[in-house]
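**Student:** Quick one: sequence and predicted model below, then my questions.
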Amino acid sequence: MSALASLAEVGFDLTTLTTGELESRSPIDGRVLARLPRISRAQYDATVARSAEAFQAWRAVPAPRRGELVRLFGEAVRHHKPALAELITLEVGKIGSEAAGEVQEVIDICDFAVGLSRQLYGLTIASERKHHHMLERWQPLGPVGIITAFNFPMAVWCWNAALALVCGDTVLWKPSEKTPLTALALHRVLESVIANFADAPVGLSALLHGDRPVGEWLAEDTRLPLISATGSTRMGRDVGVKVAGRFGRTLLELGGNNAMIVSPTAAEDLAVRAITFAAAGTAGQRCTTLRRLYVHDSRYDAIMTRLKRAYGSLRVGSPQGADTLVGPLVDAAAFEAMQTALAAAKAAGGIVHHGERVHVAGLDGGYYVRPALVELAGPIEVSLKETFAPILYVFRYSTIEEAIAANNAVTQGLSSSLITQNLSEAELFLSAEGSDCGIANINIGPSGAEIGGAFGGEKETGGGRESGSDAWKAYMRRQTQTVNYSATLPLAQGVKFDIE
Ligand code: UN1
């Protein structure tokens, strides 16, 4: 029996999802898994109105009690973990362990949020006025719009939703039009928890199925003080400009073009594994995927030999196969973008290894590729862009300063890494003169971050921070409070204003 069966408990049944404009296709074989209706403008407006109404009640529920809802949700996700992971594999094409890892990331952020629900700390501040005290208090913000991408169809929503819910906000989720099913299943799990939670108002969390116009409605909607959006830089620029135009806030997590530097002292086995997982894993479809590799001259030939061999033997195939390491690309458009990028790299003098389509028996409708390595003498137009596919551009370098400058010489700034045993190089990379990215790692690839740290990046990556650390502050409104417990009214800065 399919692991999906457990989801019947929350009213999710694939066989009943047969009508609607949105088509969920499996990257495994291109088959249509389900059809779902797209939300209309009138339904959208009613949903946001309910969310705004629900916020009035939810903000007054004590934060630890809000945390209890998220705790119960995390428990329910644990129960449905095999089913949710199977659905990610079906709809996104992730291999089993990565799909399970994504569901684990959902569970982890729930646990984090539960603890956070008792730690929404503010500051106390010394007042210059006698018998006054000042404090900084974090208040719930309002209904939050969350726009997510296909490649992490559950975890990224939950980074936002789990924090927003404990912060006292209500949430509205527009998932990628490529992954309506995973969103529906996970949201049904949350709905089932909400239905049994007395303090949860109707409309606390909503799912908005649709494509681009729904994202635009959210961006333009003055009822939503915060829009958190994950996806391409182009999408982020549109959303960012629209939201800024109405003085709303955005939390943007956009494109990456992540690099790794392999230094003269790098441990070779570790480097080769780190490179291969970060560049070829998830079929190159993480925003943290390794896309540029800088190898020191002294190590270049040996590392390239190992990489070509490792890439040649990577098991590409159905993500449902127990041994598979590289599943399919999400769709034909992703395959074409990859081939276009490889052709451009070749035309610009790059030496391309692999990257060809792999035909998997019985799965002709799926786009499987052998991940590509492209040797380049220097940056070219296509290596400065993010192509959402497994292409790794490889360069030589001779000094660490030169390699760090190259790491930083792109418009994106998400993640970065250095493989070294040299303490001075590691510290330089992590210093003010080092990597300019939101994430900087030593002896780890750029992908696969834990939820405990703040996740996000600089420059065209959008500047937002989600998930751990103090990212919760984005979902709250900061209020400075001054209280006078004297009978007089001294004014700050010594100002005198005495009246008769
Ligand atoms: C993404 O690709 O949008 O760090 C998120 C990672 C994952 C999250 C990736 N934990 O690779």
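**Tutor:** Good, I have the coordinates. Note that the coordinates shown come from a computational prediction; the quantities given were computed from them, not determined experimentally.

**Student:** Show me which residues of this structure sit near the ligand.
**Tutor:** Contact residues of the chain with respect to the ligand, defined by Cβ under 6 Å from any ligand atom, are listed as 105, 151, 152, 156, 230, 286, 287, 288, 447, 448, 449. Backbone N, C-alpha and C define where each C-beta goes, glycine included.

**Student:** filter these to the buried ones?
**Tutor:** Neighbour counting over the residues of the chain next to the ligand (16 or more other Cβ atoms under 10 Å) leaves 105, 151, 152, 156, 230, 286, 287, 288, 447, 448, 449 as the buried ones.

**Student:** From the residues of the chain next to the ligand, pick the one nearest residue 80.
**Tutor:** Of all the residues of the chain next to the ligand, the one sitting nearest residue 80 is residue 105; the distance, using Cβ to Cβ, is 14.6 Å.

**Student:** so the closest one is in which element?
**Tutor:** Secondary structure assigned from DSSP states H and E places residue 105 in helix 96-116.

**Student:** now do residue 75
**Tutor:** Under the criterion DSSP H and E, the helix or strand holding residue 75 is helix 63-79.

**Student:** Let's test this: mean pLDDT of that helix, rounded?
**Tutor:** In this model, helix 63-79 has a mean pLDDT of 98.

**Student:** For the protein, give me the ranges with low pLDDT.
**Tutor:** Scanning the chain for pLDDT under 70 picks out the ranges 1.

**Student:** hang on, residue 451 packs against residue 159?
**Tutor:** Yes. Applying Cβ atoms under 8 Å as the test, residue 451 and residue 159 come out as touching, 7.1 Å apart.

**Student:** residues shared between the contacts of these two?
**Tutor:** With contacts defined as Cβ atoms under 8 Å, 6 or more residues apart in numbering, the residues adjacent to both residue 451 and residue 159 are 109, 467.

**Student:** The closest residue to the ligand within the stretch 51-200 of the chain: what's it in contact with?
**Tutor:** For the stretch 51-200 of the chain, the residue positioned closest to the ligand under Cβ to the nearest ligand atom is residue 152, at a distance of 4.5 Å. By Cβ under 8 Å, 6+ apart, the contact set of residue 152 is 102, 105, 230, 286.

**Student:** what about residue 246, neighbour count?
**Tutor:** Under the neighbour criterion other Cβ atoms under 10 Å, residue 246 is assigned a count of 12.

**Student:** ok, now how distant is the closest residue to it other than its chain neighbours from residue 245?
**Tutor:** Nearest residue to residue 246, sequence neighbours excluded (Cβ to Cβ, 6 or more residues apart in numbering): residue 222, at 5.4 Å. Distance, residue 222 to residue 245, by Cβ to Cβ, to the nearest Å: 10 Å.

**Student:** again with residue 196
**Tutor:** Taking Cβ to Cβ as the measure, residue 196 and residue 245 are separated by 41 Å.

**Student:** before we move on, what about residue 139?
**Tutor:** From residue 139 over to residue 245 the distance is 24 Å, taken as Cβ to Cβ.

**Student:** who has more neighbours, the two?
**Tutor:** residue 139 (14 against 10).

**Student:** Does the more buried one lie in a helix or a strand, and which?
**Tutor:** Assigned by DSSP H and E, residue 139 belongs to strand 132-140.

**Student:** partners of the helix or strand that that strand is followed by, with directions?
**Tutor:** Sequence-wise, the next helix or strand downstream of strand 132-140 (DSSP H and E) is strand 143-147. Paired with strand 143-147 in the same sheet, following DSSP bridges, are strand 170-174 (parallel), strand 226-230 (parallel).

**Student:** Can you tell me how far the nearest residue to residue 13 once chain neighbours are set aside is from residue 320?
**Tutor:** The shortest distance from residue 13 to any non-neighbouring residue, by Cβ to Cβ, 6+ apart, is to residue 7 (7.6 Å). Look at residue 7 and residue 320: by Cβ to Cβ, they are 18 Å apart.

**Student:** what's the answer for residue 198, then?
**Tutor:** When distances are taken as Cβ to Cβ, residue 198 and residue 320 turn out to be 41 Å apart.

**Student:** Repeat that for residue 270.
**Tutor:** Using Cβ to Cβ, one gets 30 Å for the distance from residue 270 to residue 320.

**Student:** so which helix or strand takes in the residue nearest the centre of the chain?
**Tutor:** To find the centre residue of the chain, average its C-alpha atoms and take the closest one (Cα atoms, centre = their mean): that gives residue 156, at 4.5 Å. Residue 156 is part of helix 155-166 when elements are defined by DSSP H and E.

**Student:** Just the buried residues of that helix, please?
**Tutor:** For helix 155-166, a neighbour-count test (16+ other Cβ under 10 Å) marks 155, 156, 157, 158, 159, 160, 161, 162, 163, 164, 165, 166 as buried.

**Student:** how far is that helix from where the chain is centred?
**Tutor:** 11 Å (Cα atoms, centre = their mean, to the nearest Å).

**Student:** Check stretch 369-387 too.
**Tutor:** Here the centre of mass of C-alpha atoms in stretch 369-387, compared against the chain's by Cα atoms, centre = their mean, lies 23 Å away.

**Student:** now stretch 324-335
**Tutor:** Taking the mean C-alpha point of stretch 324-335 and that of its whole chain, the gap between them comes to 19 Å (Cα atoms, centre = their mean).

**Student:** So which residues make contact with it?
**Tutor:** The set of residues external to stretch 324-335 that reach it, using Cβ under 8 Å, 6+ apart, is 25, 27-28, 89, 92-95, 150-151, 178, 280-281, 283, 285, 314-319, 338, 357, 363, 366-371, 388-390.

**Student:** Show me these that map onto helices.
**Tutor:** 89, 92, 280, 338 (DSSP state H).

**Student:** between those residues, which is closest to residue 191?
**Tutor:** Of all the ones in helices among the contacts of stretch 324-335, residue 92 has the smallest distance to residue 191: 21.8 Å, by Cβ to Cβ.

**Student:** quick one: contacts for that closest one?
**Tutor:** 27, 99, 150, 151, 153, 179, 182, 330.

**Student:** The residues you listed into JSON lines, with extra columns for distance to residue 500?
**Tutor:** Listed next are the contacts of residue 92 as JSON lines, based on distance: Cβ to Cβ, whole Å:
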{"residue": "27", "distance to residue 500": "79"}
{"residue": "99", "distance to residue 500": "75"}
{"residue": "150", "distance to residue 500": "70"}
{"residue": "151", "distance to residue 500": "70"}
{"residue": "153", "distance to residue 500": "68"}
{"residue": "179", "distance to residue 500": "70"}
{"residue": "182", "distance to residue 500": "70"}
{"residue": "330", "distance to residue 500": "75"}
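
**Student:** Of those residues, just the buried ones, PyMOL syntax please.
**Tutor:** Here the buried members of the contacts of residue 92 are turned into a PyMOL selection, burial being counted by 16+ other Cβ under 10 Å:
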select buried, resi 27+99+150+151+153+179+182+330
